[in-house]
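Enquirer: coords please:
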Amino acid sequence: MLQKSNKIRSVSYSKYGYLFSIPFILAFLVFSLYPTLFTVIIGFTDFKGVATTSFKFLEEPFANFVSIINNATFQNSLVNTIIIWTINFIPQLGLALLLTAWFTRRKTKIRGQGAFKVLFYLPNIITAASIAVLFAAITVYPIGPLNDILVSTGILKEPFYFQNDPWAAKLLVAFIQFWMWYGYTTIILIAGVNGINPDLFEAAEIDGATPSQTFFRVTLPCMRTILIFTLVTSLIGGLNMFDIPKLFIWNGGPANATMTTSVFIYAQAFSNKYLYNTAAAASMIMFVIIAVLSAVIFVLMRDKYEVRAKRELRRRKRELRRAAKEAVA
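Expert: Model (predicted):
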């Protein structure tokens, strides 16, 4: 009986974990890793055209990259992307921090927080195509709901063609992105605050700290990791903006004002050009830009005291090793 129970205990179930992971691994290899590697390869080739089945590497390997960097449309799309992301993210983060401070205030317990979170997150659940159609209908010229409100209230004397003005179109795309993502950012920040040790807030209250002092001196420093995550993910999503700029106003909007880099890459690859090589080169350039900016965020947001402590620890270890060598000698 004892031997039988020992055999049962020695059964290993780890193989089933490997079996369940096989579908994901196969899907990742086929639909993610292979396209990524293929994109890297064709960036150095002459691969273009719908019916093309073969390609060759260029004599000048970086010719496609130089062509994209010198392309005025790509430069304009990169500037548009940065402007739209900045206009969208700064108020998004500000409102998310304000809502986070409100919902996590210890003295003010807001009822129905779950309902509020659902309402904040709801725009993120709606498909981008639906949101694009919705705002296109709201801002339509000349008899759209927005123009009706602005004209009837006397703010505007006559209807304004929002979708035909470069800066108005750009601001509308930024606002849609802000409206879609501020709820997600708020929920992430609230989760970060809830993960902070409550003893820190109690200590701040005992010391007589005001709510604003507690938020800026205790909450924000303890949320450094969450803020880095929010900044980096927003940066990646912002510089890869595609669905709203593509679906809200077609063909890059007035004077290409809403053409982002992702829309430019799509146009290079699929909009009657089929320049897969230059589209791949543009994709890799954006990857490098995102990687560099993410590294800058990590460096700027790192904990200086922790960095100093690690440097001091490494210095002491070197001194101890040096002293040990001298003692042996």
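Enquirer: so where's the stretch 1-150 of the chain uncertain?
Expert: Residues of the stretch 1-150 of the chain that meet the criterion pLDDT under 70 lie in 1-12.
Enquirer: again, 80 this time
Expert: Scanning the stretch 1-150 of the chain for pLDDT under 80 picks out 1-15, 50-53, 105-113.
Enquirer: in it, mark out all the strands, start to finish.
Expert: With DSSP state E, counting those that start in this stretch as the definition, the stretch 1-150 of the chain shows no strands.
Enquirer: can you give me the helices for it?
Expert: 2-9, 14-28, 34-42, 63-69, 72-103, 113-125, 128-138, 145-152 (DSSP state H, counting those that start in this stretch).
Enquirer: Provide the secondary structure category for the residue nearest to residue 101 when sequence neighbours are not counted.
Expert: In space, and not counting its chain neighbours, residue 101 is closest to residue 215: 5.2 Å by C-beta to C-beta, 6 or more residues apart in numbering. C-betas here are computed from N, CA, C, even on glycine. Secondary structure for residue 215, judged by DSSP: H, G, I helix; E, B strand; the rest coil, is helix.
Enquirer: tally of neighbours for residue 215?
Expert: 19 (other C-beta atoms under 10 Å).
Enquirer: so how far is residue 98 from it?
Expert: Remark: distance between residue 215 and residue 98 (C-beta to C-beta, to the nearest Å) = 10 Å.
Enquirer: re the thing from before, minimum distance to residue 53: which of the helices of the stretch 1-150 of the chain has it?
Expert: helix 34-42 (12.6 Å; C-beta to C-beta).
Enquirer: tell me the buried residues in that closest one?
Expert: Buried residues in helix 34-42, counted by 16 or more other C-beta atoms under 10 Å: 39, 42.
Enquirer: same check on stretch 182-197?
Expert: Quick answer for stretch 182-197 (16+ other C-beta under 10 Å): 182-190, 192-193, 196.
Enquirer: ditto for stretch 287-298
Expert: 289-290, 293-294, 297.
Enquirer: CSV for those residues, including pLDDT and distance to residue 41?
Expert: Below are the buried residues of stretch 287-298 laid out as CSV (pLDDT from 0 to 100; distance: C-beta to C-beta, whole Å):
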residue, pLDDT, distance to residue 41
289, 95, 20
290, 94, 20
293, 93, 25
294, 92, 24
297, 91, 30
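Enquirer: ok, so of those residues, who is nearest residue 38?
Expert: residue 290 (19.6 Å).
Enquirer: want to throw the buried residues of stretch 287-298 into TSV with secondary structure and distance to residue 311?
Expert: Below are the buried residues of stretch 287-298 laid out as TSV (DSSP: H, G, I helix; E, B strand; the rest coil; distance: C-beta to C-beta, whole Å):
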residue	secondary structure	distance to residue 311
289	helix	30
290	helix	29
293	helix	25
294	helix	23
297	helix	21
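Enquirer: just the residues contacting stretch 174-185, thanks.
Expert: 83-85, 87-89, 91-93, 95-96, 117, 119-124, 126, 128, 131-132, 135, 230, 234, 237-238, 241, 244, 248 (C-beta atoms under 8 Å, 6 or more residues apart in numbering).
Enquirer: turn the helices of the stretch 1-150 of the chain into CSV, including distance to residue 200.
Expert: As requested, those are exported to CSV (distance: least, C-beta to C-beta, whole Å):
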stretch, distance to residue 200
helix 2-9, 44
helix 14-28, 38
helix 34-42, 42
helix 63-69, 48
helix 72-103, 15
helix 113-125, 21
helix 128-138, 39
helix 145-152, 46
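Enquirer: out of the ones you listed, which gets nearest to residue 57?
Expert: Among the helices of the stretch 1-150 of the chain, helix 34-42 sits nearest to residue 57 (C-beta to C-beta), with 8.7 Å.
Enquirer: packing partners of the closest one?
Expert: helix 276-301 (3 or more C-beta pairs under 8 Å, 6 or more residues apart in numbering; DSSP states H and E).
Enquirer: between helix 72-103 and the helix it packs on, find me the angle.
Expert: Angle, helix 276-301 to helix 72-103, by axes from the mean of the first three to the mean of the last three C-alpha atoms, to 10 degrees: 40 degrees.
Enquirer: after helix 276-301, heading C-terminal, what element do we hit next?
Expert: helix 304-328 (DSSP states H and E).
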